[in-house]
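Asks: I'll drop the sequence and a predicted model, then ask my questions.
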Amino acid sequence: MRGGLMLLPSKFIARAASCLVVLLAASATAFAQAPGAPAAGAPGPGAPRGGGGFAADPRAQVRSYHFAEAGQDMQYCVFASSKVSKDRPAPLIVSLHGMGAPPTIMCNTTAVDLAEEGGYVLVAPMGYSTTGWFGSPVIRMGPPGARGPGPGPGPGPGATPGQGPGAGAPPPGARPPGPPPAAAAGDGPSDEQIRQWSEQDVMNVLDMMRKEFNIDPRRIYLTGHSMGGAGTLYLGAKHANLWAAIAPVAPASFMMNDDRASILGRLKEAGVPVLLLTGDADEVVSPSNTRLWAETLKEIGAEHVYIEQPGVTHGPVITTSQKEIYEFFGKHRRK
């Protein structure tokens, strides 16, 4: 017991986290297929690695660039407010998707509306793979290297939501469908390589935005949902001097729980405020896990706001959190 909480063995935590992989991806897919959610659209032949569904708001641009180290064309989504000009520095939000979803889901209509109103540049990188974890500890099913970049193939008759947009759900413990041939032969990238490329992809896209737009270095923000929430905590702490504020949403940060004081301590030391947000009806990432991080933020005296939205589940919180995120970011600049 520590602080009134029972600490479970790391092997048990890892096993339980692996079981959540199916739930994380299935929840994202179910949200995309729900009425009122972004429509799915499959990429054409030769399309860059990215998501097969969860279309962006039509005002956003879906682009790609060649990621030389990974030997892949990487998809990302960007929207620039009509208020953005080369004559005035603009704020930038980097938004990280959840597991099994492509970056386009983070360029949803709610986010684009708020970015337009606030004069933001909004960008959502792939992070090398729909299951890349943005440099944070990888939670994966199957052997190392079983997943390459991008989602698996579209579903056949009777397929059920699963490991990626349009992919069928594998049975517990099975390797998800759709890896590149090399990965199927066991020669795919290791989890450590995937972590490195996933983080590097985010930083590559950030650098591209700073070159393309007149970005205010005092107003660069980071947010993400679920897997992207874990990535937000990890990249927020690792590159703490970059961010004016961060906002992890329902972070699937199970593998970092033991390090949360260190991670949040780096954010406090760098003066990075944290908005931590979840739905109290989250059926995938338990609110109790998010509360651990909120309690630690309070214990170390870090500047933060913690919000639990009543009745909100794991998928819908992607959009219901946006108003609070933009309001929070609008209050903070790097000193």
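Replies: Looks like it arrived, so ask away.

Asks: any idea of the mean pLDDT in stretch 85-98?
Replies: For stretch 85-98, mean pLDDT rounds to 97.

Asks: Show me which positions of it end up buried.
Replies: Ala90, Pro91, Leu92, Ile93, Val94, Ser95, Leu96, His97, Gly98 (16 or more other Cβ atoms under 10 Å). In short, each C-beta sits where N, CA and C put it, glycine included.

Asks: which stretches of the stretch 51-200 of the chain have low pLDDT?
Replies: Counting by pLDDT under 70, the stretch 51-200 of the chain shows low-confidence ranges at 51-53, 140-187.

Asks: could you pull out the helices for it?
Replies: With DSSP state H, counting those that start in this stretch as the definition, the stretch 51-200 of the chain shows helices at residue ranges 109-118, 181-184, 191-212.

Asks: Tell me which of the ones you listed lies nearest to Glu69.
Replies: Nearest to Glu69 among those is helix 191-212; the distance by Cβ to Cβ comes to 6.7 Å.

Asks: Can you tell me which of the buried residues of stretch 85-98 is closest to Phe254?
Replies: For the buried residues of stretch 85-98, the nearest to Phe254 is Gly98 (14.1 Å; Cβ to Cβ).

Asks: which residue packs closest to the closest one, ignoring adjacent ones?
Replies: Spatial nearest neighbour of Gly98, excluding adjacent residues (Cβ to Cβ, 6 or more residues apart in numbering): Ser226 at 3.5 Å.

Asks: Could you do Phe329 as well?
Replies: Tyr221 (4.6 Å).

Asks: List phi and psi for Arg254.
Replies: I think there's a mix-up here, since residue 254 is Phe and not Arg. phi -60, psi -40 (degrees, to the nearest 10).

Asks: Around it, count how many other residues there are.
Replies: Per other Cβ atoms under 10 Å, the neighbour tally for Phe254 reads 20.

Asks: Wait, it touches Ile139, no?
Replies: Yes - using Cβ atoms under 8 Å, Phe254 makes contact with Ile139 at a distance of 7.1 Å.

Asks: List the contacts of Lys83.
Replies: Residues near Lys83 by Cβ atoms under 8 Å, 6 or more residues apart in numbering: Ala90, Glu116, Gly119.

Asks: most residues in a single strand of this protein, which one?
Replies: Determined from DSSP state E, the single longest strand within the chain is strand 215-225.

Asks: Packing partners of that strand?
Replies: strand 90-96, helix 227-238, strand 245-249, helix 322-330 (3 or more Cβ pairs under 8 Å, 6 or more residues apart in numbering; DSSP states H and E).

Asks: Give the buried residues for that strand.
Replies: Ile215, Asp216, Arg219, Ile220, Tyr221, Leu222, Thr223, Gly224, His225.
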